[in-house]
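Student: Sequence first, predicted model second:
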Amino acid sequence: MGRILVIGDIHGGLRALHQIMERANVTVRDTLIFLGDYVDGWSESPQVIDYLMGLSQRQNCIFIKGNHDELLLDWLEGNTQNFDEKMWFKHGGEATIKAYEKVNDATKRQHIYFLKSLQNYYHDDQNRLFIHAGFTNMNGIDYEYFPKLFYWDRTLWETALSLDETMAKDSWLYPRRLTLYEEVYIGHTPVTRIGATTPVQKACVWNVDTGAAFKGPLTVMDVNTKEFWQSEPLNELYFNEKGRN
């Protein structure tokens, strides 16, 4: 049996993705769960999607939708009325737009198909939840009124971060959302915001976004053993680019 590996936000950093695949010695027996945000930041967003599509032909891959992936899909389909294009441009979209100037229409159609196939979350048979950002309904993912929150929410992570670690789990004050799943794996909010560059666990939540969009590394973690492997900091791999810095 292979491992179950979870991968944080890539943000166009193909070089880092190659590094972690090699450093973790990933084989075709491993199941790979990608937490979303494959694009926006570094210059190789189209190449990242090409790589992921190819990877899924060789082994079991689960691709979760990130907010930046939906922004790219809207842009590729011309639905720019759905979001603030200037804001996207400043938060990684600029590099993506420039990269897609060299991509032909046939490849763009394949990327649209890939982006439309992304899952809002993955809930496994051990009651572990893999999701890009979080959820807001206190009864869990099946009761979420606004699916966009699966890839935009930050309140789940903020709640886990601010939780009194001495509070008993059966206390009526304990946040119900943090009792529903055995573990929750997220990206979306870089742990570099709290001064970390390795995966951080708070309550049942594991945050695997180690800041690859900025000056942190990309991370892959073994879900069962919690062993992890990282790339070099992305600003060193793409030393002549700004990323989202």
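Tutor: Nice, I can see it.

Student: name the helices or strands packed onto the helix or strand of the chain with the lowest mean pLDDT?
Tutor: Each helix and strand of the chain was given a mean pLDDT (mean pLDDT, DSSP states H and E); the minimum falls on helix 85-88 at a mean of 92. Using 3 or more CB pairs under 8 Å, 6 or more residues apart in numbering; DSSP states H and E as the contact definition, the elements that helix 85-88 packs against are helix 67-76. Quick note: C-beta positions are derived from backbone N, CA and C, even for glycine.

Student: picking that back up, can you show me the CA trace of the least confident helix or strand of the chain as PDB?
Tutor: The C-alpha trace of helix 85-88 is given here as PDB (Å, rounded to 0.1, in the frame of the first residue of the first chain):
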ATOM      1  CA  GLU A  85      -9.900  41.900 -11.900                       C
ATOM      2  CA  LYS A  86      -7.500  44.600 -10.600                       C
ATOM      3  CA  MET A  87      -7.500  43.000  -7.200                       C
ATOM      4  CA  TRP A  88      -6.700  39.600  -8.700                       C
END
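
Student: And the contacts of that helix?
Tutor: When contacts are taken as CB atoms under 8 Å, 6 or more residues apart in numbering, the neighbours of helix 85-88 outside the stretch itself are 40, 71, 75, 93.

Student: What's the first helix or strand after it?
Tutor: Moving toward the C-terminus from helix 85-88, the first helix or strand encountered (DSSP states H and E) is helix 94-100.

Student: CA atoms of that following helix as CSV?
Tutor: As requested, the backbone C-alpha atoms of helix 94-100 are provided in CSV (Å, rounded to 0.1, in the frame of the first residue of the first chain):
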residue,chain,number,x,y,z
GLU,A,94,-0.5,39.3,-13.2
ALA,A,95,2.0,36.5,-13.5
THR,A,96,-0.8,34.1,-14.6
ILE,A,97,-2.1,36.4,-17.3
LYS,A,98,1.4,36.9,-18.7
ALA,A,99,2.1,33.1,-18.6
TYR,A,100,-1.2,32.4,-20.5
